[in-house]
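Asks: Sequence first, then the predicted structure:
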Amino acid sequence: MFKTLREAFKIKEVRKKIFLTLLLLLIYRIGCWLPTPGIKLGTYQDAVSSGGDFLSIISAVSGSALSNGAVLALGVVPYINSSIIIQLLSVAIPSLERLSKQGGEEGRKKMSLYTRICALILAIIQSIGIVVGFGVDSLDSTVFFGSPFATGAVVVAILVAGSMFTVWLGEKITALGIGNGLSLLIFVGLLSSAGMAIFNAITSISSSNLESLWTLLIFLALLVVIFMFIVWIDSAERRIPVQYAKQIKGRKMYGGQNTNIPIKINASGVMPIIFATALISFPQLVMSIFWYSTEEGSAYMWYAEHLGAGTWPYVIILAVLILLFSYFYSQISFNPEDVSRQIQQNGGFIPGYRAGKPTADYLKKVSNRLTLWGAIFLAVIALVPSFIFSLVGSSGSLINAFSATGLLIVVSVALELDKQLEAQLLMRNYKGFLK
């Protein structure tokens, strides 16, 4: 990847895109530290830290913007949730399904519009939930006319505007810069949280307590091994050979070539973990905002003790949900019947299988097997690293900063960014060759 970056900086157009991307990312990071007017930072941070692991993970994804009470505190979380909801509805609602499969610019614009509207609604709901859930004590009513209602309304408006501005920044990076803008915003937020967690761990090491130094070194070594494992699985794929028969049309001969259909083991990426984690943590999130109570016997404490993160029911339910969502997302992203039909229409066949239904059944069997191993991989990544990190004595801030979702997103975005840069370089080489 460093070689690709070095070559990219030699080309003026690509260099401009890289600098523009870095500038927009810098604007985003500044917004993650600008305090929201009307928030008592100390009281607000205490409320976020007591909101459970779910709020801590969201804060890590946003680069500590949520815990800082920043203007961009919500980040891209409403847009991500909106994208998930629209994808699920496109399966359940026939009109949305037709629109999502409709080709052309018009279909994409409509789906993007629906996603933005849903993101705006979710941002309003989440902002109101933060203001109401954290209470009047977290608001500085002296800023806006001495009225808690006016102060809360302004805070909600600022958080909603910040969330939509973040989405706009991501779209501008996609259009004018390098890579997927929203993914890069999440990527930068995770790297920022991880860097701060490691920096705090280093500063907490004292000469009289060298045990914490060895704990940090073991943590970093395990982290490198886990990164290598994720990259290895992310690049793994099953290649289905396809042969195309020779066809003579007029005076020209077509086909007669051998190719393959690559099916990745982890084709669904991080989406099953996001779906499963959001579903199992949503009740605790709602209770932490509206019915938070540390009293014994309260609904929040019962849920945290029996179904909260780290409990055995949580582990089992999360693994089952990851398995179910992996198969669900596989059905959306890969349709064996469509692939079989396209192969048959182009005069191709898979050796040993007749065209049509036998080919579709074979592709379905291969896809299901790979999805199973991909789901097992995601379940292992979602559960095992946190367990191992806790065994070596790592702090909670390090575990939250290097969550399973964060690790997968960082690896996926880094690999995708490298591919985007290589594509830009290849396109410039083709242009030079044609000239």
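Replies: Happy to help now that I have it.
Asks: Kindly point out the strands partnered with the one helix or strand P241 maps to and how each is oriented relative to it.
Replies: Under the criterion of DSSP states H and E, P241 resides in strand 237-244. Sheet pairing here is set by DSSP bridges, and for strand 237-244 it gives strand 258-264 (antiparallel), strand 348-349 (antiparallel).
Asks: Deepest-packed of the ones you listed, please.
Replies: Compared across these, strand 348-349 shows the largest average neighbour count, a mean of 20 (mean count of other CB atoms under 10 Å). To be clear about C-beta, it is placed using only N, CA and C from the backbone, and glycine gets the same treatment.
Asks: Buried residues, the helix or strand hosting L323. List them.
Replies: Element membership for L323, per DSSP H and E: helix 312-333. Within helix 312-333, the residues scored as buried using 16 or more other CB atoms under 10 Å are 314, 318-319, 321-323, 325-330.
Asks: mind showing which ranges of the stretch 251-400 of the chain have poor pLDDT?
Replies: Scanning the stretch 251-400 of the chain for pLDDT under 70 picks out 251-256, 274, 278, 281-282, 284-300, 308-310, 385-400.
Asks: Need the phi and psi values for A236.
Replies: The phi and psi values for A236, taken as degrees, to the nearest 10, are phi -70, psi 140.
Asks: would you say D46 is within a strand?
Replies: No. D46: not assigned to a strand; according to DSSP: H, G, I helix; E, B strand; the rest coil it is helix.
Asks: residues near it, how many?
Replies: Neighbours of D46 under the rule other CB atoms under 10 Å: 14.
Asks: I'd like the distance between it and L323.
Replies: Using CB to CB, to the nearest Å, D46 is found at 38 Å from L323.
Asks: thinking again about what came up before, tell me what the helix holding L323 is packed against?
Replies: For helix 312-333, the packing partners by 3 or more CB pairs under 8 Å, 6 or more residues apart in numbering; DSSP states H and E come out as helix 271-290, helix 357-391.
Asks: ok, then the element right after it?
Replies: That would be, after helix 312-333 and using DSSP H and E, helix 336-345.
Asks: by contact count, what packs against that following helix?
Replies: Using 3+ CB pairs under 8 Å, 6+ apart, helix 336-345 sits against helix 357-391.
Asks: The helix it packs on - contacts with which helices or strands?
Replies: In terms of contacts (3+ CB pairs under 8 Å, 6+ apart), helix 357-391 is packed against helix 211-235, strand 237-244, strand 258-264, helix 271-290, helix 312-333, helix 336-345, helix 396-401, helix 404-434.
Asks: List the contacts of G170.
Replies: 76, 79, 180-182, 184-185 (CB atoms under 8 Å, 6 or more residues apart in numbering).
Asks: check which helix or strand covers it.
Replies: helix 148-176.
Asks: Make sure I have this right: N68 is in a helix.
Replies: No. N68 is assigned coil when assessed by three-state DSSP, not a helix.
Asks: I figured it was touching C32, is that so?
Replies: Yes. Contact criterion CB atoms under 8 Å: N68 and C32 qualify, at 6.8 Å.
Asks: count of residues packed around L370?
Replies: 20.
Asks: what about the closest residue to it other than its chain neighbours, distance to E337?
Replies: On the basis of CB to CB, 6 or more residues apart in numbering, the spatially nearest residue to L370 that is not a chain neighbour turns out to be I265, at 5.3 Å. Distance, I265 to E337, using CB to CB: 22 Å.
Asks: what's near enough to touch R116?
Replies: Contacts of R116 (CB under 8 Å, 6+ apart): 79, 82, 164, 167.
Asks: redo that, cut-off 10 Å
Replies: Counting by CB atoms under 10 Å, 6 or more residues apart in numbering, R116 touches 78-79, 82, 164, 167-168, 171.
Asks: can you check V131 too?
Replies: 38-39, 138-139, 148, 151-156, 159, 289.
Asks: Apply 7 Å and report the result again.
Replies: Applying CB atoms under 7 Å, 6 or more residues apart in numbering to V131 gives the contacts 152, 155-156.
Asks: Now for the residues you listed, which sits with the most neighbours around it?
Replies: V155 leads the contacts of V131 on contacts (other CB under 10 Å) with 27 neighbours.
Asks: How about that one: what's its closest non-neighbour residue?
Replies: Leaving out its chain neighbours, V155 is closest to G38 (CB to CB, 6+ apart), at 4.8 Å.
Asks: Please report how far that neighbour lies from S141.
Replies: 8 Å.
Asks: Please say which of these two ends up with more neighbours.
Replies: Each of G38 and S141 has its neighbours counted (other CB under 10 Å); G38 has more, 23 against 16.
Asks: My read is that that one contacts D140, right?
Replies: Yes. Using CB atoms under 7 Å, G38 is in contact with D140, at 5.5 Å.
Asks: who touches both of those two?
Replies: With CB under 7 Å, 6+ apart as the test, G38 and D140 both reach T151.
Asks: quick check, distance from the strand holding P241 to the centre of its chain.
Replies: The chain centre lies 30 Å from the centre of strand 237-244; the measure is CA atoms, centre = their mean, to the nearest Å.
Asks: orientation of it relative to helix 336-345 in degrees?
Replies: Put simply, strand 237-244 runs at 30 degrees to helix 336-345, going by axes from the mean of the first three to the mean of the last three CA atoms, to 10 degrees.
Asks: Just grab the bridge partners of the spatially closest residue to Q257 that is not a sequence neighbour for me.
Replies: Excluding the flanking residues, the one nearest Q257 by CB to CB, 6+ apart is Y244, at 5.5 Å. Beta-bridge pairing of Y244 under DSSP bridges involves G348.
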